[in-house]
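# Sequence and predicted model, in that order:
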Amino acid sequence: MFDLAALDLLSTAHLADACVRLRLPVRALPVVAVAAPARAAGRGLPARHAGSVDIFLEAIERSRPGDVLVVDNGGRTDESCVGDLVVHEAALAGLAGVVIWGLHRDTADIREIGLPVFSLGALPAGPPRARDRSMDALSVARIGDATVGQDDLVVADEDGALFLPSDRLAEIVSVAAGIRGSERRQADQLRAGRSLRDQLGFADFLAERDRNPGWTFRDHLRAGQGAIEE
């Protein structure tokens, strides 16, 4: 079982930067929050849409409380694929949220339900017809060039959704917590009036780049000046 409590203080940005540090693929989705609270985390529950609501009902039938329904509609913007009834069913089953690689509808009703829902946007028109369903529609969701399965953890907030390998979660959380701590200290110093350029030794970076044109800002940061880009 995932230790979700470890994620409580970490944003998707912290976690994504941790993946970069650990040289893990960053599987992210540019969805926006439809309803508050704008935070969800749980085991991935894939469902690849094929024009009919039954795929979602079947996924929920197999779900465990705390799962996050990951809807794969191929990022389509010509139809919505999730409405208020599916969201209500997910809430009733104890799911932690819904992440949609596509569009939703019934926005006002979804907001009243109170389950965290994230999508690419809204469209009133649903699917015009059912399509052929793939054999692995309930085991793998394809999100852009990445895949998401039941062994992945889903975290979503106001910056979007992120998919993490469960077997690397402890490492990711540890590195993300370190990044969060560094950024908090940098923000405190900014509020105290010390510029970020000063904190990161930006003048030293420029001088070194003059001497070594191949020297990048990330090289400078990795040399110990702080974590702002990764």
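Good, I have the coordinates.

# can you map out the helices along the chain?
12-21, 54-61, 84-92, 107-113, 169-191, 196-199, 202-211, 217-220 (DSSP state H).

# Looking at these, which is nearest to residue 149?
With respect to residue 149, and counting by Cβ to Cβ, the nearest of the helices of the chain is helix 54-61 at 12.7 Å. Using the backbone N, CA and C atoms, a C-beta is placed for each residue, glycine as well.

# List the buried residues of that closest one.
Along helix 54-61, these residues count as buried under the neighbour rule (16 or more other Cβ atoms under 10 Å): 55, 56, 59, 60.

# list the helices and strands it packs on?
strand 40-48, strand 68-72, helix 84-92 (3 or more Cβ pairs under 8 Å, 6 or more residues apart in numbering; DSSP states H and E).

# Pick the most buried one from the ones you listed.
Ranked by average neighbour count under the criterion mean count of other Cβ atoms under 10 Å, these are headed by strand 68-72 at a mean of 28.

# Quick one: end-to-end length of stretch 34-53, please.
In stretch 34-53, first residue to last residue: 20 Å (Cα to Cα, to the nearest Å).

# Just give the closest residue to residue 165, not the sequence neighbours.
Among residues not flanking residue 165 along the chain, residue 152 sits closest, at 6.3 Å (Cβ to Cβ, 6 or more residues apart in numbering).

# In this model residue 168 seems to touch the one you found, though I could be wrong.
No: contact criterion Cβ atoms under 8 Å: residue 152 and residue 168 do not qualify, at 10.4 Å.
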